[in-house]
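Colleague: Have a look at this prediction, sequence included:
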Amino acid sequence: MAADLPARAPVVIIGGGVIGVSTLYHLARRGVPAVLVERRRIASGTTWHAAGIVGQLRDSAAQTELGKYTAKLFRDLEVETGQATGYKENGTINLALSDVRHEQLLRSRDHANRVGIPARMMPLEELSEHWPDLVTEDVISAFHVPSNGQVNPLDVTVAMQKGARAQGAQVFEATAAERLEIRDGRVVGVVTERGSIATDKVLIAGGMWSHLFAKAHGITIPLHACEHCYIVTEPFEGLPSTQPILNISEERTYWKEDAGKLLIGAFEAQGKTWAKDHPIPEDFEFDELPFDMEHLEPELERMFARMPSLGSMGIQTFFCGPESFTPDGRPHLGPVPEVQGVFAATGMNSNGILNSGGVGLTMAEWLIDGSPSRSMGPLLATRAHPFQANTRYNQDRAAESVGIHYGLHWPGHQVRSARGVRRVPLHHELESAGACFAERIGWEVPMYFDTEGGGWVDAPSLRRKPWSHFVQQECIAARDAAVLVDQSMYAKIVVQGPDAQRVLDRICGARMDVEPGASVYTQFLNKSGGIEADVTVIRLSKDSFIVVTGHPSQIRDQQYIRRHADEDMRFEVFDATSAHCLLTIHGPKSREILQGLSLDDFSSEAIPFGAAREVDLAYARG
């Protein structure tokens, strides 16, 4: 007989995949007896069929530390819980088939050595010793990280569940969360199919179910499920259990030993969305999807060409299962801006296992301490914008994110799907003048002007780009004369009311007791003195300010202002981004150009550095 649900819990976690269970485990280790509710059985969504690869390197040193922590956790977990995890440090080898990928691997080696992860460039003769049947004539280099490894996803999830329960946590399977109870903008409980649990903190860790569940509550968690496929050979002799994992990013494939068999997976250039025209089935549990042989044909051909001996091996399994992908290929972590007390840890982009330990640790810190001990800037759930709650947008972008997952992330790389969502007021004028646009959080941002009419060139390179000479010309113009830049996509946040100055004084590094018409460049600071936002604040009047910040921070910075004010402070915050165009003029001739358009005085004496003025400009006033 199933145990009764508790009437109240300090934290309720929705979702029993590896991320939810890891957070439960880390909360329990810190003495917080959280409750986890799972619609079916633990790990039965996408966790169970994960490849289980454990890599440590990330984009930043802080996130790499979490990767290192995950590897250490998996090493120690079996001893702590007595539950086998299948963890082994067999290492990873990444191959370069082009000069640009070779350069990226050299940078990865240097990054690894800087953050204390032993790594090296492996001689190709040694590569052939590990993978003797591999065709290597076109391989330029091999990058080896010996301390990476692999784990059994289901076993490691069960081990963390066992460790959490031993320290007071509770897990309720076959208990689907139906809705959140929200009162005055705060979460106060979770309603499940078996009853309600009162709580003031909820973590949405529902994987591919997270988007629609959140959307039903006005919360934006952009992601969608896509198909992910791999093949598994019959067992064969000569494949040691210590076989290093192989990544061939340019062919979008990974290769690993799996219980005496070879598992080869692929991230195709253009993914295939799942559950696009229908919801995820109610009874979905440890399920597989049909293997689309035609869709995977290019990847399969590359696998068999890379290792011709596959043709004589039996293929035991053609597997396909869902994985959730986000529009920018990064997970969503931390508090959501729409409802106080609701947190997200979802959208792992097929990296759930290797992220799980670090994410669980980080979410426990967030839920207990109010903030994590490391910067999670690029992964914050508050980076999501309301338009990203659009399901069709998520479907289109998620399918492209599958291909980006194993792609080369070069500067200036551009997405192709879901373009034109938001445009600056002068978009058509800029386009007519030859502007080439890049997508940034839905905005079509003018990046440079192509005076030769060739349009945007998106070529994989870590060095000088085909468009670099255009940018150079614009920089010279800014140095010698003047340039006009349309920055209308920058967020404009109005803070007004009798206590508006008090609110901003609390969170800003600089004081806001300036005269109306003055602007202050400053930062939002946290309780540790760390920087949370980089902004310009303009005082419009005694009780009114406008905060100008980068467009990726549009939602996050509004939330930061609201949540760091006292309840008795009298003020309001509203988003005025779409209400104002923002054109900036730069260069030594800027004042001269503006003076030619106005009867107002644009001298440095009349408008000194840091001043803000309402002026006439041509026939406009503003």
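Modeller: Perfect, thanks for sending it.

Colleague: Low-confidence stretches in the stretch 1-150 of the chain?
Modeller: Applying pLDDT under 70 to the predicted model, the residue ranges of the stretch 1-150 of the chain that meet it are 1.

Colleague: Helices of that one, residue ranges please.
Modeller: Shown for the stretch 1-150 of the chain, the helices assigned by DSSP state H, counting those that start in this stretch span residues 18-29, 61-81, 99-114, 124-130.

Colleague: List the buried residues of stretch 439-457.
Modeller: Neighbour-count burial for stretch 439-457, counted by 16 or more other Cβ atoms under 10 Å, picks out 439, 441-450. (Each C-beta comes from the backbone N, C-alpha and C, glycine too.)

Colleague: Among the residues you listed, which lie within helices?
Modeller: Among the buried residues of stretch 439-457, no residue falls in helices (DSSP state H).

Colleague: Mind checking which of those residues are in strands?
Modeller: Using DSSP state E to define strands, the subset of the buried residues of stretch 439-457 located there is 439, 443-449.

Colleague: Does residue 187 touch residue 200 like I think?
Modeller: Yes. With contact defined as Cβ atoms under 8 Å, residue 187 reaches residue 200; the gap is 6.5 Å.

Colleague: what residues are shared contacts of these two?
Modeller: residue 341 (Cβ atoms under 8 Å, 6 or more residues apart in numbering).

Colleague: Compare these two and say which is more crowded by neighbours.
Modeller: In terms of neighbours (other Cβ atoms under 10 Å), residue 187 is the more surrounded of residue 187 and residue 200; the figures are 21 against 16.

Colleague: sec struct for that one, please.
Modeller: Residue 187 carries the three-state label strand when classified by DSSP: H, G, I helix; E, B strand; the rest coil.

Colleague: measure the residue nearest to it when sequence neighbours are not counted to residue 204 for me?
Modeller: The shortest distance from residue 187 to any residue other than its chain neighbours is 4.1 Å, reached at residue 341 (Cβ to Cβ, 6 or more residues apart in numbering). Distance of residue 341 to residue 204, computed by Cβ to Cβ, to the nearest Å: 11 Å.

Colleague: Between the two, tell me which one has more neighbours.
Modeller: A count of neighbours by other Cβ under 10 Å puts residue 204 above the other of residue 341 and residue 204, at 28 against 18.

Colleague: wait, doesn't that one sit right on residue 343?
Modeller: Yes. Taking contact to mean Cβ under 8 Å, the distance of 7.0 Å between residue 204 and residue 343 places them in contact.

Colleague: Now do the same for residue 298: helix, strand or coil?
Modeller: Secondary structure state of residue 298, per three-state DSSP, is helix.

Colleague: Apart from its neighbours in sequence, what residue is nearest it?
Modeller: Using Cβ to Cβ, 6+ apart, the nearest residue to residue 298 is residue 268, at 7.2 Å.

Colleague: wait, the one you found sits on residue 400?
Modeller: No. In this structure residue 268 lies outside contact range of residue 400 using Cβ under 8 Å: 10.9 Å.

Colleague: what's the closest residue to residue 459 other than its chain neighbours sitting at in phi/psi?
Modeller: In space, residue 459 comes closest to residue 466 once its chain neighbours are excluded; the distance is 5.9 Å by Cβ to Cβ, 6+ apart. Note on residue 466: its backbone torsions stand at phi -60, psi -20 [degrees, to the nearest 10].

Colleague: now residue 411
Modeller: Here is the backbone geometry of residue 411 (degrees, to the nearest 10): phi -60, psi 130.

Colleague: How many residues are close by the nearest residue to residue 78 once chain neighbours are set aside?
Modeller: Taking Cβ to Cβ, 6+ apart, and ignoring the residues beside it in sequence, residue 78 has residue 85 as its nearest neighbour in space, at 5.0 Å. Summarising burial for residue 85: neighbours were counted as other Cβ under 10 Å, giving 23.

Colleague: Please name the residues that touch residue 85.
Modeller: Contact criterion Cβ under 8 Å, 6+ apart gives 74, 77-78, 151-152, 155-156, 159 as the residues in contact with residue 85.

Colleague: could you say what helices and strands the helix or strand residue 538 falls within packs with?
Modeller: In the assignment (DSSP states H and E), residue 538 maps to strand 531-541. Using 3 or more Cβ pairs under 8 Å, 6 or more residues apart in numbering; DSSP states H and E, the elements in contact with strand 531-541 are strand 519-525, strand 544-549, helix 554-563.

Colleague: Give me the residues contacting that strand.
Modeller: Outside of strand 531-541, the residues that reach it under the criterion Cβ under 8 Å, 6+ apart are 504, 507-508, 510, 512, 514-526, 545-550, 553, 556-557, 560, 612.

Colleague: got the contacts of residue 85 as CSV, with distance to residue 28 and neighbour count columns?
Modeller: Putting these into CSV (distance: Cβ to Cβ, whole Å; neighbours: other Cβ atoms under 10 Å) gives the following:
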residue, distance to residue 28, neighbour count
74, 17, 26
77, 13, 23
78, 18, 17
151, 20, 28
152, 22, 20
155, 19, 18
156, 16, 32
159, 13, 26
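
Colleague: List just the nearest of those residues to residue 374.
Modeller: Using Cβ to Cβ, the shortest approach to residue 374 within these belongs to residue 74, at 19.2 Å.

Colleague: excluding its backbone neighbours, what's nearest the closest one?
Modeller: Residue 74's closest residue in space is residue 87 (Cβ to Cβ, 6+ apart), at 4.3 Å.

Colleague: my read: that neighbour touches residue 149, true?
Modeller: Yes. Counting by Cβ under 8 Å, a contact exists between residue 87 and residue 149, whose distance comes to 6.4 Å.

Colleague: Overlap in contacts, the two.
Modeller: In contact with both residue 87 and residue 149: 54, 74, using Cβ under 8 Å, 6+ apart.

Colleague: ok, the two, which is more surrounded?
Modeller: Between residue 87 and residue 149, counted using other Cβ under 10 Å, residue 149 has the larger neighbour count: 26 against 22.

Colleague: and that one, what does it touch?
Modeller: Residue 149 makes contacts with 54, 71, 74, 87-92, 245, as judged by Cβ under 8 Å, 6+ apart.

Colleague: Show me these that map onto strands.
Modeller: Reading strands off the contacts of residue 149 with DSSP E, I get 54, 92, 245.

Colleague: Export those residues as JSON lines, with columns for distance to residue 622 and neighbour count.
Modeller: Formatted as JSON lines, the entries for those read as follows, by distance: Cβ to Cβ, whole Å; neighbours: other Cβ under 10 Å:
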{"residue": "54", "distance to residue 622": "56", "neighbour count": "28"}
{"residue": "92", "distance to residue 622": "56", "neighbour count": "24"}
{"residue": "245", "distance to residue 622": "59", "neighbour count": "23"}
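
Colleague: Specify which member of those is nearest to residue 374.
Modeller: Each of these was checked against residue 374 using Cβ to Cβ; the closest is residue 54, at 19.0 Å.

Colleague: Surely the closest one and residue 74 touch.
Modeller: Yes. Using Cβ under 8 Å, residue 54 and residue 74 qualify as a contacting pair, with a distance of 6.3 Å.

Colleague: Between these two, which contacts overlap?
Modeller: With contacts taken as Cβ under 8 Å, 6+ apart, the residues that reach both residue 54 and residue 74 are 87, 149, 151.

Colleague: contact partners of the least confident helix or strand in the chain by mean pLDDT?
Modeller: Taking mean pLDDT, DSSP states H and E as the measure, the helix or strand of the chain with the lowest value is strand 620-621, at a mean of 88. With contact meaning Cβ under 8 Å, 6+ apart, strand 620-621 is reached by 614-615.

Colleague: show me what contacts residue 206?
Modeller: Applying Cβ under 8 Å, 6+ apart to residue 206 gives the contacts 14-15, 17, 20, 177, 213, 346.
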